[in-house]
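Undergrad: my questions are about this predicted structure, shown below with the sequence.
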Amino acid sequence: MMEQEELDNFIEAGKILSKVRQESKSLIMVGEPLLEIAETIETMIYDEDVEPAFPVNISINEIAAHYTPEFGCEKMLKETDVVKIDLGVSVDGGLADSAYTVDLSEKNGELVKAAQEALDAALAIIKPGVGVGEVGGIIEEKIRSYGFRPISNLTGHMIKTNELHAGISVPNVKSSDNYRFQVGDIFAIEPFVTNGRGHVEDSDQVEIFSLYSPSPIRMRQSRQIIQHVLENYGLAPFAERWLREKFPSKLLVSAALKEMLSAQVIRGYPILKEQTGSLVSQFEHTILIEENGIRILTK
């Protein structure tokens, strides 16, 4: 069981994220630049005297996760877009993670509703002793009742201090996973719903990275970037565009990232996509397991 001070960090992270989450919704409008949205939300987090747990994700249509706008991105939201905003807050290592979907077309309400209701149904049954595979079954059942598919290879996740993905997953489909929720556990529950095949694949584009194993490396620029990452982000995910703000040369940053990936000093998080032309919706909350049920930290 974690110490009270440690738990308080998670609770505070949840409160701040809830505020930013709600205020950020006003930014999701047709014609708004993706880069401006991401940077504005990240600034809102910094303005609370805390840090983003990861770069703000703005995943559109068939993109399910891990897309944050690249440096100099000029893309804007279109009236046909289904937009997923995934954001996180870190308070001295206490992490909160949440996501919501906005359907700018106003034509995919059932897809959005299926994800929201799948999350609500999962949260309604979670308590100590309930198995994560059982929760996956509830999520899957609710999604399929709307005529859509859950994305089977995306999951919710346990969270620990300074660990956003702490080893235990909560599937979005029924499974035989035998882990049972325990008092004091913190989890992010995040159903993903699609009208596609129900499976995402890595794309070639990578915009988010995290430090994996700091070790000696040849290029001076790479060593400078590693030091910058250690001092500013530690083991938390960071965006290439964050580096470009500090190190303006695209060529040098790209070369350094390539070298560090090859040496396994950092890991990359490829953008995850459903089949072309499909749509994905997502909702997510971070929860604390208590004796009689749960406390939702990111209301």
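TA: Yes, it's here. Numbering: from 1, shown residues only.

Undergrad: so where's the stretch 1-150 of the chain shaky on pLDDT?
TA: The model of the stretch 1-150 of the chain has pLDDT under 70 over residues 1.

Undergrad: and the helices in it?
TA: 4-24, 34-46, 109-125, 132-145 (DSSP state H, counting those that start in this stretch).

Undergrad: centre-most residue in the chain?
TA: Asp86 (4.8 Å; C-alpha atoms, centre = their mean).

Undergrad: what's across from that one in the sheet?
TA: Residues in a beta bridge with Asp86, per DSSP bridges, are Asn57, Ala99.

Undergrad: do you know how far it is from Arg223?
TA: 31 Å (C-beta to C-beta, to the nearest Å). Quick note: C-beta positions are derived from backbone N, CA and C, even for glycine.

Undergrad: can you pull the contacts of the residue nearest to the centre of the chain?
TA: The contact partners of Asp86, by C-beta atoms under 8 Å, 6 or more residues apart in numbering, come to Val56, Asn57, Ser59, Ala65, Asp97, Ser98, Ala99, Gln282, Glu284.

Undergrad: any idea how far it is from Ile189?
TA: The value you get for Asp86 to Ile189, if C-beta to C-beta is used, is 13 Å.

Undergrad: next, show the common contact partners of these two.
TA: Taking C-beta under 8 Å, 6+ apart as the contact criterion, the common neighbours of Asp86 and Ile189 are Glu284.

Undergrad: hmm, back to that, are any of the contacts of Asp86 buried, and if so which?
TA: Val56, Asn57, Ser59, Ala65, Asp97, Ser98, Ala99, Gln282, Glu284 (16 or more other C-beta atoms under 10 Å).

Undergrad: bridging residues for the residue nearest to the fourth one when sequence neighbours are not counted?
TA: So that's Ala65. Residue nearest to Ala65 in three dimensions, not counting chain neighbours: Leu272, with 4.6 Å by C-beta to C-beta, 6 or more residues apart in numbering. Beta-bridge partners recorded for Leu272 (DSSP bridges): Ala65, Asp202.

Undergrad: what's the local residue count around the nearest residue to Met29 once chain neighbours are set aside?
TA: The shortest distance from Met29 to any non-neighbouring residue, by C-beta to C-beta, 6+ apart, is to Leu77 (6.7 Å). Neighbours of Leu77 under the rule other C-beta atoms under 10 Å: 20.

Undergrad: please apply the same query to Glu32.
TA: With other C-beta under 10 Å as criterion, Glu32 counts 15.

Undergrad: ditto for Leu251
TA: Neighbours of Leu251 (other C-beta under 10 Å): 8.

Undergrad: please apply the same query to Asn292.
TA: Neighbours of Asn292 under the rule other C-beta under 10 Å: 8.

Undergrad: list phi and psi for it.
TA: Backbone geometry at Asn292, expressed as degrees, to the nearest 10, gives phi -110, psi 10.

Undergrad: that one contacts Ile126, correct?
TA: No - if you go by C-beta atoms under 8 Å, Asn292 and Ile126 don't touch, sitting 11.4 Å apart.

Undergrad: domain parsing for this structure?
TA: The chain breaks down by automatic domain parsing into domains covering 4-196+275-296, 203-271.

Undergrad: just those: most buried one?
TA: Ranked by mean neighbour count, those are led by domain 4-196+275-296 with a mean of 19 (mean count of other C-beta atoms under 10 Å).

Undergrad: who's in contact with Gly14?
TA: So Gly14 contacts Val89, Ala96, Thr286, Ile296, Leu297, Thr298, Lys299 (C-beta under 8 Å, 6+ apart).

Undergrad: apply 6 Å and report the result again.
TA: Gly14 makes contact with Ala96, Thr286, Leu297, Thr298 under the criterion C-beta atoms under 6 Å, 6 or more residues apart in numbering.
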